[in-house]
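Q: Generate a structure from the sequence data that follows.
(one chain, ligands or ions: 1)
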Amino acid sequence: MDKLTRQYVELTEVDRALAQTREQLERYPALLARLEKQVEQAGAAIAEAEAELERARRDRRQAEKEVETLRERISKYLLQQTQVKTNKEYEAITHEIEATRTRIDEWETRGLEYLELEDQAAERKRGSEAEVVRLREELGRERERIEGLMAEKREAVARLEEEKRQRLAALAPDEAEDYELLNNRNPGSAAVAVQQGHCGGCNWALVPHTQQQVRQGTEPVRCEHCRRFLYEPA
Ligand SMILES: [Zn+2]
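A: Coordinates of the predicted model:
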């Protein structure tokens, strides 16, 4: 392989590493955002359970109040019963008392149901609270880990950029420009290996003459289709 092609190949390796590292760097914030969203959702579940708990508690108290009112009504009926003159009146009041007792039963049953709902909502709330605590801890650890990785990747990018700068500086200006044009179009694959007679970048079937030139390796050869620099794989 001629010297210039060798330089292009080495630059391509640097640019490939740069492209990969930059792509990794871009992915990290999304990882954190996903975890933050999970914490947020668990927080919303707490609020929901709290609202349910409040509703069930209010309904339960209402049921208890109804029972109390109905019991007072029965006391009044019993008092009235001691004052009635006729059997008919007495029996009418007995009917009222029975009907009222039935309603008390109904309200007590409802009160128990609300109490169960209250317990379930409280349980859900506790579960969501524990989940938020767990997720916050996980988020904290993950944030630390990812920030560490991002710092590493940023350092790697700076190191690679410096290496690239030096390698470009070693080329003639028009050679460097040729390379940069290609690299901007195909980041990290300006120079590619020939693979079974095809361009390793665009897969174009190279004419025999081009393949021959690449094998000779006396000067840079480009793909006839995508213009990438070609080299013979080791
Ligand atoms: Zn090509």
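Q: Which element, helix or strand, includes Ser75?
A: helix 3-81 (DSSP states H and E).
Q: What helices and strands are in contact with that helix?
A: Helix 3-81 sits against helix 87-169, helix 173-185, strand 191-195, strand 229-231, with contacts defined as 3 or more CB pairs under 8 Å, 6 or more residues apart in numbering; DSSP states H and E. C-beta here means a position set from N, CA and C on the backbone, and glycine is covered the same way.
Q: so which of these gets nearest Leu79?
A: Distances from Leu79 to each of the helices and strands packed on helix 3-81 were compared by CB to CB, and the smallest falls on helix 87-169, at 9.8 Å.
Q: The closest one to helix 173-185, inter-axis angle?
A: Comparing the axes of helix 87-169 and helix 173-185 via axes from the mean of the first three to the mean of the last three CA atoms, to 10 degrees yields an angle of 160 degrees.
Q: residue nearest the centroid of the chain?
A: In the chain, the C-alpha nearest the mean C-alpha coordinate belongs to Arg34, at 2.3 Å (CA atoms, centre = their mean).
Q: quick one: that residue and the ion, what's the gap?
A: Arg34 sits 38 Å away from the ion when distances are taken as CB to the ion, to the nearest Å.
Q: what does Leu168 give?
A: Note on Leu168: its distance to the ion, by CB to the ion, is 22 Å.
Q: before we move on, the earlier item: please compute how far the helix holding Ser75 lies from its chain's middle.
A: In this view, helix 3-81 has its centroid 12 Å away from the chain centroid, taken as CA atoms, centre = their mean, to the nearest Å.
Q: Ok, stretch 142-156 next?
A: Centroid separation between stretch 142-156 and its chain, computed with CA atoms, centre = their mean, is 19 Å.
Q: In that stretch, which residues are buried?
A: Counting neighbours by 16 or more other CB atoms under 10 Å, one finds that the buried residues in stretch 142-156 are Glu142, Ile146, Lys153, Ala156.
Q: what sits against the second one?
A: Listed by CB atoms under 8 Å, 6 or more residues apart in numbering, the contact set of Ile146 reads Tyr28, Leu31, Leu32.
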